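Chemist: fold the following, please.
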Amino acid sequence: MEKKRVVIVGAGVSGLTVCKHLLELGCQPTVFEADTMLGGVWARAMASTKLQTPRSMYQYSDFPWPESVTEEFPSHRQVAAYLDAYARHFGVLSCVRFGHRVVGMEYHGVGEQAMAAWEEWAGNGQAFSSGAGEWRLSVADDDGHVEKLVFTFTQTHKADFVVLCIGMFSGVPDIPTFPAGKGPEVFDGHVIHSMDYAKMGTSKAKEMIRGKRVTVVGYMKSALDIAAECAEVNGTAHPCTMVVRTKHWIVLDYSVWGINGKNFTLNRFSELLIHKPGEGLLLSILATLLTPLVTT
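Modeler: Numbering: from 1, shown residues only. Okay, here's the model as predicted:
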């Protein structure tokens, strides 16, 4: 197979495995990673972050976890080490260019009118088409400011094919737009996104929230992790407040008497597991008897 120039944007879980398979196909992959390390979202995470999926279900099919990792839900450091070992084992690491951010890309050699008429990928359903066109990517490097990630345009990189592996959480905070005079600029405290909080590092982040009244807006994974960390640092002296738009059930994946707990919690039966205001004697007895399903 003729070697093809392929660019992969992002050196996270997907970017690494794409590079590995392209090497096996005889391509010439180049991985541009804006950060200074592998792993995508796993590269910079809070100390308390762990897998939410059992270890056996979160691994590459051709690269099992090392025997030294025995935890059912490995920590983010163990995940990052696993990804690094994968990249080194399959020769992916040499393809990665750290501190390089793709800031723009255009397809040259085929006119816009011709591309608009394509009904299939590349006009013929093939990944590399006829070779009439090529991708030109504007790539910026860190200009030596590795920690601050200050990028300066340096080159235009050409490729036959581009694979975007930037995922849902590609380093751009999702911040709502506020009306004039009602945003963070009029707040006397410190406003920070969870993504920036994670990048601060454990010790610096904990020092920032120590002794402070913290409000967390949101109720998903990062919000819960930060709220738990606030509770650990400040205890009851300065309780953390969570502002939630939509109520959620926190469903644990556990087994009771050989039956998966989700069979109970993902239906109306779950209402019988907890005590409720104004409940009668029968409902109170049922909630008491079914307590093991909640606490196990």
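
Chemist: could you use CA atoms for every contact and neighbour count after this?
Modeler: Fine.

Chemist: domain parsing for this protein?
Modeler: Residue ranges for each domain of the chain read 5-164, 184-243, 255-295, as given by automatic domain parsing.

Chemist: I'd like those domains as JSON lines, with distance to Ile175 and mean pLDDT appended.
Modeler: Formatted as JSON lines, the domains of the chain follow (distance: least, C-alpha to C-alpha, whole Å; pLDDT from 0 to 100):
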{"stretch": "domain 5-164", "distance to Ile175": "18", "mean pLDDT": "86"}
{"stretch": "domain 184-243", "distance to Ile175": "8", "mean pLDDT": "88"}
{"stretch": "domain 255-295", "distance to Ile175": "31", "mean pLDDT": "71"}
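
Chemist: among the ones you listed, which is nearest Phe178?
Modeler: When the domains of the chain are compared by C-alpha to C-alpha, domain 184-243 sits nearest Phe178, at 8.4 Å.

Chemist: quick one, helices of the stretch 1-150 of the chain?
Modeler: When secondary structure is read from DSSP state H, counting those that start in this stretch, the stretch 1-150 of the chain shows helices at 13-24, 76-89, 112-116.

Chemist: which parts of the longest one are buried?
Modeler: Translated: helix 76-89. Using 16 or more other C-alpha atoms under 10 Å as the test for burial, helix 76-89 gives 76-87.

Chemist: which one of those is nearest to Cys230?
Modeler: His76 (19.0 Å).

Chemist: my guess is the closest one contacts Trp42. True?
Modeler: Yes: contact between His76 and Trp42 holds when scored by C-alpha atoms under 8 Å: they sit 6.0 Å apart.

Chemist: contact partners for Glu134?
Modeler: Glu134 makes contacts with 107-109, 158-161, as judged by C-alpha atoms under 8 Å, 6 or more residues apart in numbering.
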